[in-house]
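# what follows is a predicted structure for the sequence shown.
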Amino acid sequence: MDDHDRICFGEFVLNRLHGRLEDRDGSERFLRPKSYRVLELLCERRGQLVSKDELIEKAWPGVFVTDDSLAHCVSDIRRALGPKGARLLRTIPRRGYVLSASEPGPEAPVRRLTGARMVMVSGLVVVALAVGGVWWTMPRSAVEAAPEVTVSTLQEAEALLEGRDWRQREHNERARRLLEQAIAEDPEDPDALASLALTYWLEVQHLAWGGGRREMERALGLVERSVAYGASDRSHRLLAEMRLLAPFRELRSPVDALASARAAYAINPDSPDNLAVLAQALALSGRPKEAIGMIERALRLRPHPPKWHQQIAGLAYLLAGEPARAAEQLGPLYGAGTFANARCWPGWLYVASLAHGGRIDDAAAVVRAAKARRPERSISAVAQSLDGFADEGGLGLVLEGLRLAGMP
């Protein structure tokens with residue numbers, strides 16, 4: 001096989017003789033035919049910018065397609081390359097794509113500079129050149145006190161969103177302003193689009209914030225754009241959450257949610273968050289035993305898991321017929337915020353776990369406390385609030401637990 005038949009880049013080989021992408025072990029990384037053709041075109045011009053128009057013209061000769069078709073192929077290629085290899089394929093906003101021959105080194109801590117920061121940095125460079133080596137004579141304290149530009153707009157926004165805390169609405173609003181600024185500079189930045197989608201998704205999830213259909217549709221639109229522009233596993237994971245737990249039935253799709261969760265897992269199978277979301281999709285789709293394997297692996301990878309991981313673990317154990325283990329996971333989550341937090345509340349799951357585990361009096365006490373904080377006064381009302389149960393058997397199990405606890 002000559003060099004024309006094998007194009008090497010990073011740790012991958014485009015095997016043109018067999019028409020497939022292979023990793024360094026010779027194993028195939030599956031690509032759809034059009035995605036393979038786009039990658040072939042990029043490989044032929046490694047290290048060079050290939051415009052969107054050229055890729056569309058050569059991959060779809062004589063056929064009219066939009067940029068979205070190309071973006072889906074690029075997303076497919078990045079998925080096949082995996083979390084590390086995906087860095088080989090760079091998006092040049094509004095222009096095209098560049099495939100590197102080798103994987104780039106660690107990214108610089110500053111993703112982008114705003115106009116004001118660029119002016120500041122340029123000024124510092126000019127001053128440094130003017131004074132030459134004089135700074136060596138400055139007192140150490142003065143050098144240490146010099147400001148550093150180390151946090152990008154996107155990084156600052158993501159730090160504000162990390163906790164997903166229903167009590168920190170002002171953090172969400174601040175993050176949204178930062179992300180809108182980042183997207184104004186680069187409308188095709190998949191990370192910024194996904195983070196902005198999260199701000200609207202949190203508006204919908206946290207009941208006290210009052211998000212409705214408009215925010216839900218905005219969140220879905222943004223995260224779908226992120227996926228189309230070459231998303232990371234995080235974008236697929238967010239899309240899975242939204243398609244699974246959207247409070248509007250016509251916007252939910254358990255099948256799409258499971259597919260997105262699997263895509264996130266395929267890109268990065270060692271991410272505890274990817275494992276947790278896949279576990280949630282499996283549990284709510286009637287496959288709780290598979291979900292247990294996923295969430296237990298996530299808990300092993302993260303010894304101090306976030307609360308939503310524990311909630312998914314409790315859900316999986318409950319639906320798999322292990323109410324005592326479910327109560328162990330859900331019990332620490334029960335408290336003043338249990339029935340004022342995000343949708344798919346752990347409080348109702350906790351009631352069902354206690355009841356099915358034979359602790360009827362404890363379950364009844366939780367129901368009485370819930371009546372003081374929640375508008376639901378009957379099992380049918382709770383059923384409407386438990387969004388995302390695609391499996392009627394699983395939902396029935398939870399509602400039967402509420403009946404055992406004395407809820408009318």
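Ah, there it is.

# could you measure from Thr153 over to Asp256?
Going from Thr153 to Asp256 by CB to CB, to the nearest Å gives 31 Å. Placement of C-beta: from N, CA and C, glycine included.

# number of nearby residues for Gln155?
Burial of Gln155 is recorded as 15 neighbouring residues (other CB atoms under 10 Å).

# check the one 4 residues further on too.
By the other CB under 10 Å criterion, the neighbourhood of Ala159 contains 12 residues.

# just the element for it, please.
Element membership for Ala159 (DSSP states H and E) is helix 153-161.

# kindly report the same for Tyr97.
strand 96-99.

# can I assume Leu395 is in contact with Phe389?
Yes: taking contact to mean CB atoms under 8 Å, the distance of 3.9 Å between Leu395 and Phe389 places them in contact.

# who has more neighbours, those two?
Neighbours per residue (other CB under 10 Å) separate Leu395 from Phe389, with Phe389 holding more: 24 against 17.

# OK, contacts around that one?
When contacts are counted by CB atoms under 8 Å, 6 or more residues apart in numbering, Phe389 touches 284, 395, 398.

# related to what we said a few turns ago, what is the helix holding Ala159 packed up against?
Applying 3 or more CB pairs under 8 Å, 6 or more residues apart in numbering; DSSP states H and E, one finds that helix 153-161 makes contact with helix 169-185, helix 190-205.

# include mean pLDDT and mean neighbour count when you put those into JSON lines, please.
Supplementary listing: the helices and strands packed on helix 153-161 in JSON lines, determined by pLDDT from 0 to 100; neighbours: other CB atoms under 10 Å:
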{"stretch": "helix 169-185", "mean pLDDT": "90", "mean neighbour count": "17"}
{"stretch": "helix 190-205", "mean pLDDT": "90", "mean neighbour count": "25"}
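
# nearest to Val50 among the ones you listed would be which one?
Counting by CB to CB, Val50 lies closest to helix 190-205 out of the helices and strands packed on helix 153-161; the figure is 18.6 Å.

# that closest one vs helix 153-161, what angle?
Using axes from the mean of the first three to the mean of the last three CA atoms, to 10 degrees, one finds that helix 190-205 and helix 153-161 are set 30 degrees apart in direction.

# just the C-alphas of helix 190-205, formatted as PDB.
As requested, the backbone C-alpha atoms of helix 190-205 are provided in PDB (Å, rounded to 0.1, in the frame of the first residue of the first chain):
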ATOM      1  CA  PRO A 190     -19.900  25.100  19.900                       C
ATOM      2  CA  ASP A 191     -18.700  25.400  23.500                       C
ATOM      3  CA  ALA A 192     -20.200  28.900  24.000                       C
ATOM      4  CA  LEU A 193     -23.500  27.800  22.300                       C
ATOM      5  CA  ALA A 194     -23.800  24.800  24.600                       C
ATOM      6  CA  SER A 195     -23.100  26.900  27.700                       C
ATOM      7  CA  LEU A 196     -25.700  29.500  26.600                       C
ATOM      8  CA  ALA A 197     -28.200  26.700  26.100                       C
ATOM      9  CA  LEU A 198     -27.500  25.600  29.700                       C
ATOM     10  CA  THR A 199     -28.500  29.000  31.000                       C
ATOM     11  CA  TYR A 200     -31.900  28.700  29.400                       C
ATOM     12  CA  TRP A 201     -32.200  25.000  30.400                       C
ATOM     13  CA  LEU A 202     -31.600  26.000  34.000                       C
ATOM     14  CA  GLU A 203     -34.400  28.600  33.700                       C
ATOM     15  CA  VAL A 204     -36.700  25.800  32.800                       C
ATOM     16  CA  GLN A 205     -35.400  23.200  35.300                       C
END
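
# nice, that's everything, thank you.
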